Each structure stands twice: as C-alpha cells, then as structure tokens.
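**Q** Show me how the following folds:
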Amino acid sequence: MADSPRERKVARPPDFTQLIDLASEFVGGKILFATDDFFAPAENLLKRDNPSFKEHEYTEFGKWMDGWQTRRKRIPGHDWCVVQLGIQGVIRGFDVDTSYFTGDHAPRVSIQAANFEEDKQPEIPQREVRTGAAATPEEFEAISELKSDDWSCLVPMTELTPGNPASSHNYFPVTSQQRWSHVRLNIFPDGGIARLRVYGTGQKDWTAGDPKEPLDLVTIAYGGACVGFSNAHFGHPNNIIGVGTAKSMADGWETARRLDRPPILENDENGILLVPGCEWAVFRLAHPGVITQIEIDTKYFKGNSPETCKVDGCILTAQEEEDMVRQKWDLPGHKWKPLLPVTKLKPDEMHVLDSLTPELQDVITHAKFTITPDGGVSRLRLKGFPSSICLLRPREKPMMRFSVKAGFRANL
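**A** Now for the predicted structure:
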C-alpha cells in the first residue's frame, strides 16, 4: 500500500543534524529494554529510513504505526526505553521525531545518558521485537543492573509537538563534551514517537589496543568526518567512511554525471580516460597519523564506478580547516602530499593498495579523495597508525613536531 504523500515545509534543521546518528540500527544501535511495546515496538525508533504512514493498515492490536507506541497507561509510572548506541561518542543533539503521531504522540519527553566501558557493561539478555506486550518482571530485573534511574540528564522533561508536517521534529542541542555509550528515552506518561536520532561524533580511546595494529583513521566510528565535497547528488561522502560494508548503492557516495565530459571519450597512452573534470571529498581524520594502507570498495557500483582515483593528505590546524571550509577547499596544491597516485578502479570490487607514506613518514590530519570523472564508491578505509598529538582540539596551541606511536616502524 502506498504511503500517504506529505510535503514538509519546516525551518532549517540545526547544524548538528549533519552529524552521524550514533543510535541508528545502521551503525549497530539497538534497544535493550522498553517498558511497553503494545502498538508498535521500540526498535522502530532506530530505523534509518524516515517514518512512513499506511492509512488503512491495522494489526491485531490496533493501527499500524511506524514508530514506538505504548498502550494508554492505566497503572502508576511512565514509559521508557534504553538504547545502546552503535557508535560510542560525544552527543551534539537529539531529534525526537513524532511524524504521523497526531492524536497519540507522547506529550513530554526527557533523555538521560551513561557511559560504560565495553568490558564493564552488565550482560542484558537480547530482546525480541514484539507487539502487544509489556516488559516482564525478569526484564525489569535485568535492566536494573544498569541503574538507569541515576544516569545523567541531557534533556529535562520537555513538551513535544505532535507529528504534523511542520512540527514533527523536536530538536534538542547538547553541550556535554563527555563520551556516551547508552541513552534512556523517557516519555510522560505514554504515547508514540516515530524516531529517535542521536547526532554526534564517534570517539575512540586511542590508548587502548595494540600499538602495532593498524587502525582505520578515517572511520566515522572513531570520529572521522567529511568536511567538504564537490558533489553529492546521490549519496553523501560520509557514507563511505561508515561502519561495516555497504548494503547497497544508497550506502555509498555517488555524484551526478559531469556535464563537461567530451561527446566522444578517448584514452591517453596509458589507457586513462581523457576527461577535463573530477569530483572530490575532503575528510578530517579521527586522529592525526601515518597512513600505510588504503582500501577503496566499489561494491554495488557496477555501471557507475569511477575510472580512476587518487588520495592526498595534508596537515591543518582547526583554524585552517575552518578557513578552508569557507573557501570551499581552495587549498594550494603544494599543501597536498600524495598518499595514492592516480589509480584505475574496477567496478564492484575491493581495492587494497599500499600508501606512499611508509616511505615519506608523513603524518596527516586531512585526506582528499578524488575520483575521475565521476561515479560512486561504497567504502574508503585509510589504515595506519595514530600520532601522539592532535592538532584539532579547540583552543589548544598546535605543535609542529610529530611523532608516531611506538611499534610503527617495527610494523613496516
């Protein structure tokens, strides 16, 4: 059954909505507990897709709704659920989306958060997606190990707007700089919410792990981010530094076809297409470091992969990055150091390539990924070793000397 059409005319979303959704099922977020799932399960809160509406669809328990909807409460208390973030990190803001809940949205909400180290998280039994049910005494007992009543409050009790097109998004900025692993969503006293978006940046404990083991320094899970691009017609470059392998072309970066390509294409003496233009994306690494290996995956891009690509790196302070964003990344060419020369790409294939930097010993903070002439890529991994300092912390005087973590040279 087709979804009912809805035209959204809303104010511009806050800047934090451009960050990754740390709770999305797409990055591994999951519901650990919900007091009630009578009309619709809490797992719907974490769906990556926008909410939909099916006007005439009903279940055995009532109207089908694309969100979390509890029964009309007739006992003391209020409803709540606990979310384990797929990516642990700093939360910059929430979007509590009440789309399509117009007569039964939750009237008030508050949000709490906690941080548990991976090896110190209490074991919570995996729950089943269900409707028509409430939490059992055993589930209440298991979730009590997290002591969520005492978690830090990031959003105090606040009234929500109903799910009309112009008012369904309830945005809450967060100023805390702490790293979080779990959130608790409280609704007062009951009702429905379509989606919970937890926007922020991944944050890794760089002191943990084997210093001889290379890490993906650009992954969004550790705090990498796209800070500029030329074209993102069919998919944002942040997708290619996402968690895990792509599930479809929609999970990659794909540009529009360049209009300046010649009417008849020709190759040069090396078999490379002679085309005038290219597309690019610039990424801030999660941590400055030396890149030793580059992985470029064109999975699913069978008739629309790029002809070639290259990767360059540079060192920028936080202020220099801000300047480059304003200047649309018009950075002098000599600032960029080659990490990967122009390289032919094959469709629907993983390419594992050695970086030039094991010889150059160059630490970088930013990488520029250029594709020619256009097309799509599903994943980019920049593997290497973090340096011992970070230029991008605000209000910190940048250091000009760089050192590589112990074990780097022994690993080469």
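**Q** Specify the residue positioned farthest from the middle of the protein.
**A** Distance from the C-alpha centroid of the chain peaks at Glu269, with 41.2 Å (CA atoms, centre = their mean).
**Q** Check the gap between that one and Pro262 for me.
**A** 17 Å (CB to CB, to the nearest Å). The way it works is simple: take the backbone N, C-alpha and C, and place the C-beta from them, glycine included.
**Q** Let me know whether my guess that the residue farthest from the centre of the chain is in a helix holds.
**A** No - counting by DSSP: H, G, I helix; E, B strand; the rest coil, Glu269 is located in no helix; its state is coil.
**Q** dump the residue contacts of it.
**A** Going by CB atoms under 8 Å, 6 or more residues apart in numbering, Glu269 touches no other residue.
**Q** Check what pLDDT it gets.
**A** Note for Glu269: predicted pLDDT of 91.
**Q** quick one: it from Arg326, how far?
**A** Distance of Glu269 to Arg326, computed by CB to CB: 40 Å.
**Q** Between the two ends of stretch 309-325, what distance do you get?
**A** 22 Å (CA to CA, to the nearest Å).
**Q** contacts for that stretch?
**A** Contacts to stretch 309-325, defined as CB under 8 Å, 6+ apart, come from residues 227-228, 282, 284, 288, 291, 294, 296, 330-331, 335-343, 345, 355, 357, 362-372, 377, 382, 391-394, 398.
**Q** ok, now with 6 Å
**A** 294, 331, 335-340, 342-343, 345, 364-371, 391-392, 394, 398 (CB atoms under 6 Å, 6 or more residues apart in numbering).
**Q** Okay, and which of those residues map to strands?
**A** Among the contacts of stretch 309-325, the residues falling in strands (DSSP state E) are 294, 337-340, 342-343, 364-371.
**Q** re the thing from before, relative to Val275, how far out is the residue farthest from the centre of the chain?
**A** Taken as CB to CB, the span from Glu269 to Val275 is 15 Å.
**Q** Point to the helix or strand of this structure where mean pLDDT is at its lowest.
**A** When the helices and strands of the chain are scored by mean pLDDT, DSSP states H and E, helix 408-411 comes last with a mean of 32.
**Q** residue boundaries of the strands in the stretch 201-350 of the chain?
**A** 215-216, 225-229, 253-254, 279-297, 308-314, 337-344, 350-354 (DSSP state E, counting those that start in this stretch).
**Q** Could you dump these into JSON lines with mean neighbour count added?
**A** Listed next are the strands of the stretch 201-350 of the chain as JSON lines, based on neighbours: other CB atoms under 10 Å:
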{"stretch": "strand 215-216", "mean neighbour count": "21"}
{"stretch": "strand 225-229", "mean neighbour count": "19"}
{"stretch": "strand 253-254", "mean neighbour count": "28"}
{"stretch": "strand 279-297", "mean neighbour count": "23"}
{"stretch": "strand 308-314", "mean neighbour count": "22"}
{"stretch": "strand 337-344", "mean neighbour count": "16"}
{"stretch": "strand 350-354", "mean neighbour count": "14"}
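**Q** Which pLDDT value belongs to Ser387?
**A** 87.
**Q** Quick check, it in contact with Pro288.
**A** Yes - in this structure, Ser387 is within contact of Pro288 by CB atoms under 6 Å, at 4.6 Å.
**Q** intersection of neighbour lists for the two?
**A** Both Ser387 and Pro288 are contacted by Val363, under the criterion CB under 6 Å, 6+ apart.
**Q** What segments of the chain are helices?
**A** 137-143, 318-326, 357-360, 408-411 (DSSP state H).
**Q** quick one: the second one to strand 279-297, angle?
**A** Compare the direction of helix 318-326 with that of strand 279-297 by axes from the mean of the first three to the mean of the last three CA atoms, to 10 degrees and you get 110 degrees.
**Q** List the buried residues in helix 318-326.
**A** For helix 318-326, burial by neighbour count (16 or more other CB atoms under 10 Å) applies to 318, 320-321, 324.
**Q** got a list of contacts for stretch 94-105?
**A** 51, 53, 109, 160, 162-163, 168-172, 191-195, 197.
**Q** swap that for stretch 290-302, sorry
**A** Against stretch 290-302 from outside (CB under 6 Å, 6+ apart): 214, 246, 248-249, 305, 311, 339-340, 345, 347-353, 355, 357-358, 363, 376-385, 404.
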